[in-house]
Every structure is written in structure tokens, then in C-alpha cells.
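based on what follows, work out the 3D shape:
(one chain, ligands or ions: 1)
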Amino acid sequence: MTYTIEKVTTLIGARRYGDKETNIGFLLTDSRSLCFPEETLFFALKSERNDGHNYIPELYRRGVKNFVVTEVPANCASDYPDANFLRVVNTLEALQRLAERHRDEFNIPVVGITGSNGKTMVKEWLYQLLSPQMCVTRSPRSYNSQIGVPLSVWLMNEQTEVGVFEAGISQPGEMLALRDIIQPTIAVLTNIGEAHQRNFESKGDKCKEKLVLFHDARTVVYNADDELVERVLAQMESTLPGGEPQERLGWSVRDRHAPMFVKSIEKKESATTVTYIYKGGEENWYSIPFIDDASICNSIICAIVALRIGIAPDELDRRMQGIEQVAMRLEVKEGQHGCTLINDSYNSDINSLDIALDFMNRRPDHKGRRHTLILSDIFQSGEEPTALYQEVSDLARERGVVKFIGIGPEICAQSERIQIAEKDFFGSVEEFIVSDVFRSLRDEVILLKGARRFGFDRLTELLVKKVHETTLEVNLSAVVKNLNHYRSFMKAETKLVCMIKADGYGAGAVEIAKTLQDHRVDYLAVAVADEGVTLRRNGITSNIMIMNPEMTAFKTMFDYDLEPEVYSFRLLEALIKAAEKEGITGYPVHIKLDTGMHRLGFDPRQDMEQLIDRLRHQNAIIPRSVFSHFVGSDNDGFDEFSARQFALFDEGSKQLQAAFEHKILRHIDNSAGIEHFPERQLDMCRLGLGLYGINPRNNEIIHNVSTLKTTILQMRRVPAGDTVGYSRKTVLEHDSVVAAIPIGYADGLDRHLSNRHGYCLVNGQKAEYVGNICMDVAMIDVTGIDCKEGDSVEIFGDHLPVTVLSDIVDTIPYEVLTGISNRVKRVYFQD
Ligand SMILES: *Cc1c(COP(=O)(O)O)cnc(C)c1O
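I've put the predicted structure just below:
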């Protein structure tokens with residue numbers, strides 16, 4: 001579905017500069033995701049930290065001809081002869097307006113989903129339930145923001161028979177815009193939880209804001225057992241603008257008169273049967289292959305929507321039995337033979353394919369390896385296979401795929417559509433695995449995207465490097481959320497250094513750096529030159545600071561553009577000499593002042609004059625920044641000392657600045673300081689532990705990044721009175737079940753956790769360490785816990801905060817995180 005540029009101009013009420021006629025099919029807000037330049041309309045959005053207008057020249061060079069802007073470039077007719085600029089007052093509002101007008105074109109059921117948890121799951125399950133009989137357009141992944149929603153709604157086209165969209169809010173006032181864009185005919189509230197409470201006065205306020213989505217929806221679906229929701233809803237208008245009453249489909253396990261009365265919920269070993277009476281009709285039931293409460297609640301909501309849309313109860317049951325867990329992860333794994341695997345187990349459809357291809361394309365790859373796509377048949381009802389695979393081919397080509405492997409009967413039949421030079425097709429994963437094509441995969445970045453029924457799991461299993469069963473899973477999306485959390489305390493113009501020393505606080509510096517570079521942080525900081533070199537070799541082009549430069553590594557630093565910290569006259573002299581020898585001038589360095597840590601740094605009370613004098617009488621190096629470090633910004637008890645540190649730094653750094661014409665960036669705040677002393681953020685802040693999800697001020701988890709996991713190797717019954725492990729340290733008081741797990745102190749598991757001092761989680765339940773933790777193995781007490789060999793064990797992470805462990809062994813989370821040894825494989829994912 002395309003719009004002429006003229007139509008777009010009218011729809012968003014813009015003033016147009018330029019007169020080239022074009023059709024618009026794609027909307028773009030992030031220049032890095034450009035795919036089809038000719039048909040793209042770019043919205044130059046302004047955020048606190050960035051301005052889309054800056055990317056117009058680059059996009060124009062790459063073939064984009066249509067821009068929505070607030071300021072038209074000065075010489076637009078001569079500099080951009082083929083372009084159309086649509087000038088508006090607010091580009092975000094224009095984007096939303098366009099999506100809203102696009103939505104107006106459709107007179108079909110549209111489901112809008114909000115709530116604190118489960119939005120994406122409900123959306124995906126509805127898709128699974130409805131797509132066998134109708135063409136569903138839904139939000140890709142969790143595109144649910146002020147920008148994500150309009151981009152999602154824009155995806156509706158002539159084939160769409162029902163739309164399913166998520167609406168997420170984090171601040172008061174946001175829902176109104178989302179409602180106008182989605183205009184749900186069926187509005188759904190999953191639940192009201194504690195998330196994002198920060199910006200709301202109370203839970204009631206948050207509930208009210210979310211229920212803005214319900215205004216004007218013909219039908220609303222919610223949990224009628226939640227009193228807060230009932231109360232807020234009771235105050236809301238119950239007739240629609242036309243005078244018709246709103247249909248309120250609340251579900252309840254208590255009230256037999258509820259529109260959806262859930263009469264019973266029967267959990268069996270691995271399935272649950274829900275018996276219900278819908279709108280006072282006959283008793284019916286359905287089963288789902290899950291037993292957890294969240295899945296059950298979500299399934300009830302989906303059932304109501306599906307019944308409302310007209311799915312028959314027996315058909316609903318049949319489809320419910322087959323619903324699949326939604327994996328929203330995009331994983332990066334090291335593969336065999338120099339390959340990197342990007343594994344997207346998310347449902348297979350063209351929009352999520354696009355996101356995954358974009359992800360692959362954007363990740364810098366030092367070795368310039370080829371990009372390969374392994375794709376199964378796409379199940380997307382509605383679209384003609386010929387057109388669908390033509391689109392796949394165009395997308396893949398645009399996103400730099402040079403090798404294509406198709407798996408499945410449909411894709412085989414459409415092989416002609418795929419216009420990529422190197423292409424192979426197989427009927428099934430089995431056929432592929434025994435082929436030469438499979439054996440010859442080498443030095444490639446491979447994106448695997450397969451619909452579940454093709455069993456791509458087997459494929460990934462064969463392709464990944466065999467690893468120790470203990471892995472550290474690193475959530476890159478959480479890193480970004482933490483980054484934004486701290487940015488929210490900072491002024492927009494304040495620069496940021498992200499500390500990725502000690503291999504990114506244990507999470508792995510390279511992948512963290514790639515993510516941070518993508519989010520435009522100003523500086524990355526590592527401890528030694530070699531760490532910097534590794535980053536450069538992996539395609540990191542950001543500014544890099546070296547905190548502990550070795551005298552022997554100056555040449556390396558110059559070669560790789562790594563900027564050293566300078567803390568002493570000895571280092572200063574050696575550095576100047578080395579730079580002069582190379583004929584280098586103006587090499588940026590960072591001056592460290594010691595204001596109370598008494599570790600490294602110049603003394604601001606004694607050294608400034610000599611330091612300034614030395615710096616001014618040479619031109620090999622140039623101070624780019626000057627900084628100091630708080631000893632106790634995490635603790636209010638040290639506030640007075642911090643104030644003294646700051647005063648010393650303030651004076652010393654101003655003295656340095658006064659001696660030079662150019663701007664020298666001043667910085668002192670670390671993670672705790674950013675939050676505690678926002679008034680001391682100066683020109684730049686240095687973010688460390690907070691980036692990895694731990695608030696150093698209270699040890700609380702912000703967004704958890706790392707999860708250390710292993711699996712049960714063996715289980716045995718041990719009678720009361722027996723002992724476990726070396727030196728017989730744990731005596732069992734009762735008959736017990738003991739499990740062995742492949743993680744020991746050589747992996748970084750602290751021995752002080754031994755003998756019931758600490759615990760891990762097995763299927764969500766606490767299992768204490770029994771016996772002394774060994775080098776490579778530990779034993780845990782799983783008596784009474786429902787588990788078996790092969791089950792997963794969480795050492796710390798999403799459900800067991802790392803700070804629980806650090807408290808038990810009387811240390812700080814920094815030490816636990818950085819102590820995880822190298823042999824523990826890091827697995828990265830985005831959600
Ligand atoms: C490690 C480090 C930081 C980061 O500290 P966090 O407490 O992790 O935020 C900041 N500055 C310097 C000089 C550091 O060495």
C-alpha cells in the first residue's frame with residue numbers, strides 16, 4: 001500500500017519544498033535501518049540527545065529523497081535537487097498523524113493491548129490463534145512506543161483482516177496518542193503491575209492512564225477480579241460516542257455472572273485445562289501446554305478476544321493446544337569454523353526477519369565476513385508466496401546478504417524468486433545437515449531464522465561451538481535500558497564514558513561495546529591497551545580511553561587510536577617522548593587528579609603548576625579531559641568527604657583549563673555519582689556498574705544484564721547421616737536428594753558459598769550448596785524440588801540477584817561479576 005508524496009503532504013498538513021513525484025511505502029526514523037531508499041520517507045525526529053536532521057545529507061547520498069523536517073536545509077533546491085522536504089511543526093506528531101490517517105482506511109477489527117506484563121505474549125498468541133483463518137498484521141517484536149506504534153500500524157495493508165498492536169507507556173499522557181493511532185475496536189488490559197511506577201503518582205494513576213486505551217473501543221477485555229481495574233472502569237463513560245453501550249468483557253474466577261466466568265483451572269504435569277462459560281452460554285474448555293500462572297492468565301485474555309472475533313470453542317481448543325512459547329530473543333553465538341551465529345527464534349514472519357537482518361547488518365564485523373541467511377518457509381497467511389519471497393529476496397539483498405539457504409517445501413518452490421547469487425534450497429533441516437553446503441559453512445556471519453516446526457534447534461546445536469554447560473547469558477537490551485536509566489539523570493549535553501574495563505565487568509567487552517557504539521556513547525574506557533586493541537580489531541570506532549596505560553604500550557596506543565590516562569610525571573615524560581619519537585602532535589590524553597582516593601593521579605594542591613608548565617612546553621600531546629574519582633559516592637556517610645573531593649577537583653581542573661584555549665572536558669561522577677550528585681556531572685560522566693544493572697547506592701537491580709546458568713549433571717539419593725564432598729563438611733540431617741552441577745571455583749563460584757552458606761535456583765526453588773564447592777563441580781541439595789538431570793540451574797541472574805551472592809560472601813557485586821572465568825561462555829541476546 002503506497003501513498004503519493006502529495007497525499008502524504010496533505011495528510012500530515014505539511015508545507016512541501018520540492019516537486020518530484022514519488023510513492024511512499026516505507027517510513028524510517030533511524031538512519032541506520034535504511035532499506036529501500038527510493039520509497040522511504042524519513043522523519044527527522046529530535047530527541048534530547050540526537051537530531052535526525054543531522055542524518056539528511058548521508059541519507060540523501062544513499063538514495064533517500066523524501067524527508068519530514070522541522071527545518072528545511074538552507075540551500076535545499078541546489079544541494080538536494082531531487083528531494084522533497086515536508087516541513088511540519090513537530091516531526092513525531094507528523095509520524096503519528098500519518099499512521100492515524102492510515103488506520104482510518106481500515107474498517108476491520110483492531111486489537112489494542114496494554115498492561116504491565118504479557119503484552120507481547122498476548123499479541124503473539126493472538127497471532128497464533130487467529131492467523132490460521134485470517135491475515136493478521138501485528139506489531140513487530142515489542143514495538144510499542146510513541147515511535148514503535150505508528151511504525152507498526154503503518155504495516156497494515158490491503159490484505160490485513162485484523163490488526164493486533166501493543167501499546168506501552170512509561171509516562172502520563174502518552175496513551176492518548178497511541179489510542180488515536182491504534183483506534184482499537186477491541187481494547188485489552190493484561191494486568192497492572194509495578195513496572196514503570198517511577199513516573200506515576202500511584203498505581204491508580206497508572207491504571208487510569210492505561211485505560212485511556214479503552215475510551216471509544218467497542219469491546220474491552222480485562223481482569224474483573226482486579227478491584228483497582230474495576231474501580232477505575234466504573235468511573236469511565238460506558239457509552240460510546242454513537243450512544244451504543246461499550247461491551248465490557250471482564251473475566252473472573254469468582255463471579256459466575258462475569259462475561260467470561262472461569263469455572264476451573266486444572267493443572268496437570270505439563271498442560272492446563274481451563275473450563276469457562278462465555279457470555280452465559282454453554283460450559284466449554286480449552287487446554288494449553290503450559291502450567292505457569294502468567295501463561296494461564298494470558299491464555300484467558302486471548303480466549304476472550306478469539307471468541308469475540310468469532311472463533312468457535314472447539315476450534316479454539318484445538319489451536320490453544322498447539323500454542324507455542326514466544327521466544328523474543330535474538331542470540332549471538334560463536335559457531336564452528338570461524339562462524340558467528342545470530343539465532344532468531346522469534347516467530348517467523350517478514351517484519352521480524354527485517355529486524356533480524358537489520359541487527360546483523362548493523363553489528364560491525366572486523367573480519368568483513370560474508371553474511372549468510374538460513375531461512376525456513378514463512379507462515380504468513382494472506383500474502384501470495386510469489387510476492388512474499390520476492391520481498392524476502394529484496395530485503396535480504398538490501399541488507400547485505402550474499403548467501404541464501406532456504407529450507408522447506410514452499411521456499412524450494414519459490415527458489416526462482418530469490419535473486420541472490422549464491423543460493424541453495426533444501427526440503428528439510430535433515431537434508432541440509434547431510435549436504436556439502438552444510439559442511440562448507442566457514443568464516444560467515446549466519447542469521448538463522450526458522451519457523452518452529454522446522455526444528456532449527458537441531459541445526460543451531462550442530463553449528464555452535466561445543467561449550468561448557470555453564471554459560472553467562474548477557475541481555476544487551478537490558479544494557480541499553482540501564483544506559484537510558486542513567487541518561488535520564490543527566491543533562492542532554494553531558495557526555496558519557498562507559499566503563500568496559502575488566503572485560504565489561506565480566507559481561508564481555510566486545511559485544512557490550514558494539515551495543516554502546518550503536519547507542520552513540522561518547523567514550524568507552526578499558527583498563528589496558530590490549531583491551532583497546534581487541535575492541536578496535538572487532539570494529540569499534542568509538543573514542544577509547546585507556547585507564548592504566550603501560551609504558552611499553554605507547555606505540556600500540558598510537559597505532560590504534562587509544563587515548564591514555566596520564567596520572568604521574570614519570571608517565572607524562574615517557575608519553576611525550578614516545579609521541580615525539582613518532583612525530584606525533586596533539587595526541588589526546590586524559591589527566592587524572594588524586595583528590596582523596598590516593599591511588600593514582602596528580603595532586604591538585606601541589607602539582608598543577610609543574611603539570612601545566614610541562615604540558616604547555618610541548619605539542620606532542622594535548623589534554624582532552626581532566627578527571628578525578630569519588631571514593632564514596634555510593635554512601636551518604638561520605639557526602640562531606642565527597643564535597644571536599646569535588647572542591648579540590650573543581651579548583652585544580654579550572655586551573656588546568658585556564659592555561660589552555662581549547663575546551664578540556666571535566667568529569668568526576670561515576671554511576672553512583674550520576675544519581676547522587678547530578679549537579680556535579682560537569683561535562684561528562686563515567687558509567688560503570690550501573691550499566692551492568694546494579695545500582696551501587698542500594699545494591700538493587702535496575703535491569704538485570706547477566707545470568708549465570710548451568711545444568712544438573714547427575715542426581716542421587718543420599719541417606720541421612722552421610723556427608724557430601726571433600727573433607728566431609730556437610731553432614732546430611734535427613735534423607736536427601738543431591739545434584740551435581742558443572743560449575744566450581746575455577747569458574748568463579750566462590751567457595752564461601754559452600755556448606756549451605758549460599759544457594760542457587762532450580763526450577764525457581766532455592767537449592768543450597770552442600771559440601772565444599774570443588775574446582776569444576778558443585779553439589780546442591782534438591783530434596784523436595786521437582787527437577788531432573790539436564791534441568792537448568794540459575795547461579796545468579798534474572799531471579800536471583802547477584803547481590804545476594806556478594807552479600808553472602810561479604811564482598812561487592814563487582815568482584816563476583818568480574819570473577820567469572822573465561823571458560824564460561826558468554827551468550828548474548830536482545831529481547
Ligand atoms: C571503574 C571506574 C569508574 C566506574 O565506577 P562505577 O562505580 O562502576 O560506576 C569510574 N571512573 C573510574 C576512574 C573507574 O576506574
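
what is the neighbour count of the nearest residue to residue 816 once chain neighbours are set aside?
Excluding its sequence neighbours, the residue lying closest to residue 816 (CB to CB, 6 or more residues apart in numbering) is residue 806, at 4.8 Å. Placement of C-beta: from N, CA and C, glycine included. Using other CB atoms under 10 Å, residue 806 has 20 neighbouring residues.

show me what the helix or strand harbouring residue 806 is packed against.
Following DSSP states H and E, one finds residue 806 within helix 802-808. Applying 3 or more CB pairs under 8 Å, 6 or more residues apart in numbering; DSSP states H and E, we find helix 802-808 packed against strand 792-796, helix 813-818.

show me what counts as buried in the longest one.
By that I understand helix 813-818. Across helix 813-818, burial judged by 16 or more other CB atoms under 10 Å covers 813, 814, 816, 817, 818.

so which of these comes closest to residue 501?
Nearest to residue 501 out of those is residue 818 (CB to CB; 8.8 Å).

residues of the stretch 451-600 of the chain that sit close to the ligand?
Residues of the stretch 451-600 of the chain lying near the ligand by CB under 6 Å from any ligand atom: 499, 547.

and whichever residue of the stretch 451-600 of the chain sits closest to the ligand, backbone torsions?
Using CB to the nearest ligand atom, residue 499 is the residue of the stretch 451-600 of the chain that sits closest to the ligand, at 4.4 Å. Main-chain dihedrals, residue 499, degrees, to the nearest 10: phi -90, psi 120.

pretty sure it contacts residue 691?
Yes: counting by CB atoms under 8 Å, residue 499 touches residue 691, with 7.3 Å between them.

ok, residue 119 - contacts?
By CB atoms under 8 Å, 6 or more residues apart in numbering, residue 119 lies in contact with 113, 142, 144, 166, 167, 168, 190.

of residue 499 and residue 691, which one has the most company?
Between residue 499 and residue 691, counted using other CB under 10 Å, residue 691 has the larger neighbour count: 27 against 23.

can you check which residues contact both of residue 499 and residue 691?
residue 505.

now do the same for residue 87: its pLDDT.
Turning to residue 87, the model gives it a pLDDT of 97.

now swap in residue 619 and tell me
We have a pLDDT of 88 for residue 619.

can you give me the neighbour number for the residue nearest to residue 761 when sequence neighbours are not counted?
Nearest non-adjacent residue to residue 761, counting by CB to CB, 6+ apart: residue 794, 4.3 Å away. Using other CB under 10 Å, residue 794 has 19 neighbouring residues.

now do the contacts for residue 794.
Counted by CB under 8 Å, 6+ apart, residue 794 has contacts 707, 708, 709, 760, 761, 800.

now it: how far from the ligand?
Noted for residue 794: a distance of 24 Å to the ligand, by CB to the nearest ligand atom, to the nearest Å.

show me what that residue bridges to in the sheet.
Beta bridges link residue 794 to residue 709, residue 761, judged by DSSP bridges.

quick check: pLDDT value at the closest residue to residue 191 other than its chain neighbours.
Closest residue to residue 191 apart from its sequence neighbours, by CB to CB, 6+ apart: residue 115 at 5.1 Å. Predicted confidence (pLDDT) for residue 115: 92.

wait, residue 115 touches residue 206, no?
No: assessed by CB under 8 Å, residue 115 is found out of contact with residue 206, at 10.6 Å.

what touches both of those two?
residue 192.

on that earlier part again, tell me the one of the buried residues of helix 813-818 nearest the ligand?
Comparing the buried residues of helix 813-818 against the ligand with CB to the nearest ligand atom places residue 814 closest, at 6.8 Å.

residue contacts, the closest one?
Neighbouring residues of residue 814 by CB under 8 Å, 6+ apart: 505, 689.

how about residue 24, nearest residue that isn't a chain neighbour?
Sequence neighbours aside, residue 41 is the residue nearest to residue 24 in space, at 4.5 Å (criterion: CB to CB, 6+ apart).

with residue 264 instead?
residue 275 (4.6 Å).

which other residues reach the helix or strand harbouring the one you found?
Assigned by DSSP H and E, residue 275 falls within strand 272-278. Here strand 272-278 makes contact (CB under 8 Å, 6+ apart) with 256, 259-266, 283-288, 290-291, 295-296, 299-300, 303-304, 307, 313.

quick one: mean pLDDT over that strand.
Here strand 272-278 scores 97 as its mean pLDDT.

from residue 47, how far out is the residue nearest to residue 264?
Note on residue 275: its distance to residue 47, by CB to CB, to the nearest Å, is 49 Å.

these two - which one has more neighbours?
Of the pair residue 275 and residue 47, residue 275 is the one with more neighbours under other CB under 10 Å, namely 14 against 10.

who's residue 372 bridged to?
Taking DSSP bridges as the rule, residue 372 bridges to residue 403, residue 446.

how many other residues sit next to it?
23.

go on, residue 362?
14.
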